[in-house]
Each structure stands twice: as C-alpha cells, then as structure tokens.
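structure of the sequence below:
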Amino acid sequence: MTAEPAQKDLSKKAYDHLWMHFTRMSSYENSPVPTIVRGEGTYIWDDKGRKYIDGLAGLFVVQAGHGRVELAEVAAKQAKELAFFPIWSYAHPKAVELAERLANYAPGDLNKVFFSTGGGEAVETAWKLAKQYFKLIGKPTKYKVISRAIAYHGTPQGALSITGLPGLKAPFEPLVPGTHKAPNTNIYRAPHYLEGPDGTVDPEAYGRWCADQVEEAILFEGPETVAAVFVEPVQNAGGCFPPPPGYFQRLREICDRHDVLLVSDEVICAFGRLGTMFGADKFGYVPDMITCAKGMTSGYSPIGATIISDRIAEPFYKGDNTFLHGYTFAGHPVSSAVALANLDIFEREGLNKHVLDNESAFLGTLSKLRDLPIVGDVRGNGYFYGIELVKDKVTKETFNDDETERVLYGFLSKALFDNGLYCRADDRGDPVVQLAPPLISDQSTFDEIEQILRTSLTDAWAKL
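The predicted model follows:
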C-alpha cells in the first residue's frame with residue numbers, strides 16, 4: 001500500500017470512529033483529518049511529513065518540548081515496576097513523592113494534594129471540597145461559587161457550571177445550581193465610564209473595580225451562601241487576560257472578609273507557563289486551593305491535582321469525617337513518576353528562568369503585529385499570549401457572526417496551519433489568536449511565529 005492511500009485510509013477511519021473533542025465532525029466528511037504523528041522540540045509533523053511550529057504546546061501542555069526520551073524511559077521503567085495501584089486508602093511511593101514536591105512548591109500552607117487525572121476533575125474536586133468543608137465547620141448554607149465572565153473551567157457538570165461561556169453550557173442545561181459570574185479583567189474592553197479624560201483606563205483603578213465587582217456578586221448572593229471564588233491567574237478564554245496591578249491582593253482581602261475560599265485555577269498557568277511554578281507566585285497572592293494539571297508532566301502522561309491549604313483540610317482529618325470523592329486513575333504510578341522526572345527537567349534546565357528571561361522578547365515580537373489593521377490588542381504574560389482581532393482599531397469594532405464564521409473559522413484557522421503554525425483561532429468572547437509554545441522556545445521561535453502570523457493575518461484582513 002502506498003503512503004497516500006494509507007493516509008486517506010487513516011483519515012477515513014478517524015472520521016468514522018474517532019469522535020474528536022470540541023469538533024464539528026461534519027467538517028471532515030469530505031476533507032482529510034489533520035493527523036499529527038511526531039514531535040521534536042518545538043515542532044510537530046503530520047502524516048504527510050509536513051512540519052509545523054507547535055504554537056500551543058499541544059493544548060498548553062508540552063512545557064519541556066516534544067521528544068523527551070528520558071520521560072518516556074521513566075514511564076516504561078515505572079510501568080515495569082508498578083503499572084497501577086489506586087490511592088483509595090493506600091499509597092504508592094511515586095504519588096507520595098509527587099504530593100510532597102507539589103506541597104513544597106505551593107505557596108503558603110497549601111500542603112495537601114488530592115490527585116485527579118485532569119484539570120476539569122481538579123476543579124470539580126475543589127468545588128465539592130469547598131461545599132463539604134463549610135458543612136463540616138457548621139456553615140452548611142455556603143455552597144455557591146463566583147467565577148468570571150467568559151472564563152473556562154472544564155467540562156464536568158460542576159466545572160461547566162462554573163464556566164462563564166453560555167454557548168458551551170446551553171446544550172447541557174440545567175446544570176449544577178449556585179454559580180454566578182462577575183466581570184473579568186479585560187482592560188482592552190473596559191467599560192467606557194472607567195476611562196479618564198484622555199480616553200485611557202488606569203490599570204490600578206481598573207483592577208480595584210474588577211475585584212470589587214466580585215465582592216458585589218458575593219454581597220448580592222449573600223456571603224452566608226457563597227463558598228468560593230474561582231479565578232485563573234491569567235484568564236484563558238477570551239484571549240489571555242492578565243490581572244491588573246493589585247487585583248489579586250484586593251480579591252484576597254474580599255474573600256477573607258466574607259469567609260469565602262479563593263481557588264486559583266492554574267490548569268494552564270502552573271508549571272512554568274508564566275515563568276513560575278504557580279501563577280499565584282507570579283502575582284503575589286496565596287489562595288486556599290490551587291487546581292492544576294496539563295504542564296505537570298509536559299503531557300507525557302495524564303495527571304491533575306487540587307492542592308489544598310492545611311486550614312481547609314483540617315476538619316477532614318478528624319474523627320470519621322471523609323471526603324467521599326475520588327478517581328480510579330488519580331495519582332497513577334506512571335503519571336506520578338513522569339511528573340517527578342518532568343519537574344527535574346524544570347530545575348535542571350531552569351525552564352522557569354528561561355521564560356522570565358524571554359517573556360518580554362516574546363511579547364515584543366508579537367507586538368510588532370500591531371501595525372496590521374486587523375490587530376487590536378496583544379496581551380498576556382510569560383509564554384501565554386492572545387492577539388485580539390478587530391475590524392476597526394479606533395473604535396475596537398469586533399467581527400459580526402458572519403465574519404467570525406467566514407474569516408476566523410472558514411479561513412484563518414486553516415491558513416495558520418497551512419502556513420506552518422499550530423495555534424488557536426478562537427471566538428470565545430471576541431476573536432483572538434492564542435499562542436503558548438513549549439517553554440524551551442527562544443527568539444528564533446518567536447520570529448518564525450510572528451512571520452507566519454503576519455502573512456496569515458494580512459490575508460485574513462483581505463477577506464473581511
């Protein structure tokens with residue numbers, strides 16, 4: 001069988017049997033399914049031998065880069081020794097070692113680690129834990145969650161309820177009750193009444209306003225009913241919204257004042273994406289819980305975790321109190337071993353420092369695209385950036401539904417890939433292109449990304 005028929009056969013099998021996630025399956029009825037077969041460093045290759053920059057680190061995951069043989073070897077070694085054992089009333093060495101290591105990395109007194117197999121499960125865990133915690137301390141009416149508009153927190157029923165994207169939730173409603181939304185920190189789209197006489201918005205004042213909107217939501221619902229606030233250090237959906245100065249310090253004060261838990265959802269932002277082990281470290285706050293996953297193993301094996309403060313864990317360590325929650329594959333021996341080896345790479349190669357040393361250069365390179373008429377804003381932090389696309393740079397007019405369908409989905413997504421860049425063109429919120437390459441990326445990677453974006457965005461503008 002020749003290579004081309006074999007590729008067509010694989011694509012047909014993919015369409016017939018592989019139900020791809022968040023995918024319009026009809027798109028591939030008469031078109032080949034893009035199939036990635038190999039990765040090395042910051043690049044991936046498809047089944048036709050074409051090479052692409054991995055501009056999204058898989059899905060904000062492959063921190064240490066593709067093709068790390070040592071991580072594969074660690075996985076094989078652990079599988080030979082102990083392939084599986086649950087952590088339901090038992091322990092195994094790698095889960096213990098990893099839990100201790102995560103506790104040592106985490107800020108404040110976040111010393112207890114509850115493993116899961118991914119980020120959505122970690123978020124689900126945090127909400128269930130918050131509900132039971134308040135029941136155990138005699139405050140059973142505290143069960144609600146405040147999160148932010150357009151924020152994505154996962155797909156399980158509870159995590160999806162916390163998510164602030166109506167379009168993702170509508171097919172599955174009714175969802176879990178008790179979730180309420182406050183504004184996010186998109187200063188580019190700040191309300192006009194917050195602008196000064198010169199038309200600009202003061203970042204510190206805006207940060208305080210955003211945090212105060214969370215407090216208003218708590219007060220509106222009643223502090224005696226609110227258990228937790230869920231926020232990402234840099235919000236992903238909508239296009240990488242960083243926090244304004246002082247935002248998290250103000251949010252911490254608000255949560256403390258109303259006895260509300262602050263949950264830092266770091267499924268994307270942890271493990272070097274912002275140049276620190278945890279995003280809370282980057283922005284100087286201590287949450288009550290951290291949810292994390294993705295970059296913990298650089299994607300070489302699935303794992304997630306909820307890291308919990310001693311204060312929140314304390315009631316569960318008394319008498320017959322039990323957190324009746326768990327996952328079969330949580331704290332998996334192979335995944336735990338790979339995570340430990342991946343964190344060794346972080347320390348040995350200084351990946352966090354590499355991001356901190358190069359984040360300004362990455363932002364500066366992407367900011368060159370501001371000369372294009374379609375580029376309204378470039379924002380983010382670390383190795384995590386969003387480019388917002390507009391029809392009019394002066395008025396910030398965004399695409400209408402038809403233009404989004406025709407230009408963003410009908411043209412730009414495919415054009416970027418065809419030009420050699422795997423990234424995300426997304427309309428959850430306003431139209432954006434998101435970049436989050438492996439943490440080993442350097443100036444040559446940034447330049448290559450910028451050139452492909454420049455070509456593709458110039459062509460997209462001509463389609464409007």
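
show me what contacts Tyr43?
Applying CB atoms under 8 Å, 6 or more residues apart in numbering, one finds that Tyr43 lies in contact with 51-54, 66. Any C-beta I mention is one placed from the backbone N, CA and C, and that applies to glycine too.

roughly how far apart are it and Phe399?
31 Å (CB to CB, to the nearest Å).

hang on, the earlier thing: in ChimeraX, how would I select just the buried ones from the contacts of Tyr43?
Here is the ChimeraX selection string for the buried members of the contacts of Tyr43, based on 16 or more other CB atoms under 10 Å:
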select :52,53,54,66
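
among the contacts of Tyr43, which are in strands?
Among those, DSSP state E puts 51-54 in strands.

my guess is Gly239 meets Val390, correct?
No - when contacts are counted by CB atoms under 8 Å, Gly239 is not listed as touching Val390 (11.8 Å).

overlap in contacts of the two?
Shared contacts of Gly239 and Val390 (CB under 8 Å, 6+ apart): Asp430.

neighbour-wise, which of those two wins?
Between Gly239 and Val390, Gly239 has the larger neighbour count (other CB atoms under 10 Å), namely 28 against 19.

show me the contacts for that one.
By CB under 8 Å, 6+ apart, Gly239 lies in contact with 186, 377, 379, 386-388, 426, 429-430, 432, 434.

what does Gly284 give?
By CB under 8 Å, 6+ apart, Gly284 lies in contact with 248-249.

give me the pLDDT value at it.
Gly284 is assigned 98 on the pLDDT scale.

what number of residues lie near Asp111?
One correction, residue 111 is Asn, not Asp. 16.

right, and it touches Arg311 too?
No - contact criterion CB under 8 Å: Asn111 and Arg311 do not qualify, at 10.1 Å.

strands along the stretch 51-200 of the chain, start to end?
Using DSSP state E, counting those that start in this stretch, the strands of the stretch 51-200 of the chain run over residues 51-54, 110-116, 144-148, 179-182.

please disregard the earlier target; I meant the stretch 301-450 of the chain.
304-309, 375-381, 384-389, 421-422, 424-426, 432-435.

quick one: list the elements packing against the longest one.
Other elements packing on strand 375-381 under the criterion 3 or more CB pairs under 8 Å, 6 or more residues apart in numbering; DSSP states H and E are helix 351-367, strand 384-389.

deepest-packed of those, please.
Most buried of the helices and strands packed on strand 375-381 by mean neighbour count (mean count of other CB atoms under 10 Å) is strand 384-389; its value is a mean of 26.

return that strand as PDB; C-alpha atoms alone will do.
Taking C-alpha atoms only, strand 384-389 is exported to PDB below (Å, rounded to 0.1, in the frame of the first residue of the first chain):
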ATOM      1  CA  PHE A 384       0.900  32.800  27.100                       C
ATOM      2  CA  TYR A 385      -0.400  35.500  24.800                       C
ATOM      3  CA  GLY A 386      -3.600  36.400  22.900                       C
ATOM      4  CA  ILE A 387      -3.900  38.600  19.800                       C
ATOM      5  CA  GLU A 388      -7.400  40.200  19.600                       C
ATOM      6  CA  LEU A 389      -8.700  40.800  16.000                       C
END
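
what lies in contact with it?
For strand 384-389, contacts defined as CB under 8 Å, 6+ apart pick out 60, 188, 234, 238-241, 268-269, 273-274, 362-363, 366, 369, 374-380, 398-399, 408, 430-436, 453, 457, 460.

now the buried members of those residues.
Buried residues within the contacts of strand 384-389, counting neighbours by 16+ other CB under 10 Å: 60, 188, 234, 238-241, 268-269, 273-274, 362-363, 366, 369, 374-380, 398-399, 408, 430-436, 453, 457, 460.

from Ala211, how far out is Asp426?
26 Å.

now do Trp88
39 Å.

with neighbour numbers in mind, choose between those two.
Using other CB under 10 Å, the more surrounded residue of Trp88 and Ala211 is Ala211, with 27 against 10.

which of the three states applies to that one?
helix (DSSP: H, G, I helix; E, B strand; the rest coil).

wait, it touches Arg252, no?
No - applying CB under 8 Å, one finds Ala211 not in contact with Arg252, separated by 9.1 Å.

ok so, going back, worst mean pLDDT among the strands of the stretch 301-450 of the chain?
strand 424-426 (a mean of 90).

what strands flank that strand, and is each parallel or antiparallel?
Here strand 424-426 is paired, per DSSP bridges, with strand 432-435 (antiparallel).

pull the distance from the strand it pairs with to the chain's centre.
Relative to its chain's centre, strand 432-435 lies at 13 Å (CA atoms, centre = their mean, to the nearest Å).

repeat that for stretch 397-415.
23 Å.

what residues of it count as buried?
By neighbour count on 16+ other CB under 10 Å, the buried set for stretch 397-415 is 398-399, 403-404, 407-409, 411-413, 415.

which one among those gets closest to Tyr300?
For the buried residues of stretch 397-415, the minimum distance to Tyr300 (CB to CB) is 26.9 Å, reached by Ser413.

residues in contact with the closest one?
By CB under 8 Å, 6+ apart, the contact list for Ser413 reads Ala425.

wait, His258 touches Ala228, no?
No - here His258 lies out of contact with Ala228, judged by CB under 8 Å, at a distance of 10.9 Å.

so for those two, which sits in the more crowded spot?
Just comparing His258 and Ala228: by other CB under 10 Å the higher neighbour count belongs to Ala228, 27 against 17.

residues touching the more buried one, list them.
Residues counted as contacts of Ala228 (CB under 8 Å, 6+ apart) are 126-127, 130, 145-146, 260-263, 288-289.

any chance of those in CSV, with distance to Val176 too?
Output for those, formatted as CSV (distance: CB to CB, whole Å):
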residue, distance to Val176
Ala126, 13
Trp127, 8
Ala130, 13
Val145, 9
Ile146, 14
Val260, 18
Leu261, 17
Leu262, 20
Val263, 15
Asp288, 20
Met289, 18
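
which one (most neighbours) among those?
Neighbour tally across the contacts of Ala228 (other CB under 10 Å): the maximum, 33 neighbours, falls on Ala126.

so who does Ser161 touch?
145, 169, 175-179.

so which of these wins on neighbours?
That'd be Val145 among the contacts of Ser161, by other CB under 10 Å, with 27 neighbours.

so where's the stretch 51-200 of the chain uncertain?
Low-confidence segments of the stretch 51-200 of the chain, defined by pLDDT under 70, are absent.

in space, what's closest to Gly429 - neighbours in sequence excluded?
Nearest residue to Gly429, sequence neighbours excluded (CB to CB, 6 or more residues apart in numbering): Gly238, at 3.3 Å.

for that neighbour, which residues are in contact?
For Gly238, the contact set (CB under 8 Å, 6+ apart) comprises 150-151, 184, 186, 386, 428-430, 432.

just give me the closest of those to Ser301.
Comparing the contacts of Gly238 against Ser301 with CB to CB places Ala151 closest, at 27.0 Å.

quick one: the residue nearest in space to the middle of the chain from Gly304, how far?
For the chain, the residue sitting closest to the mean C-alpha position, by CA atoms, centre = their mean, is Ile268 at 3.0 Å. Using CB to CB, Ile268 is found at 12 Å from Gly304.

intersection of neighbour lists for these two?
By CB under 8 Å, 6+ apart, the residues touching both Ile268 and Gly304 are Gly119.
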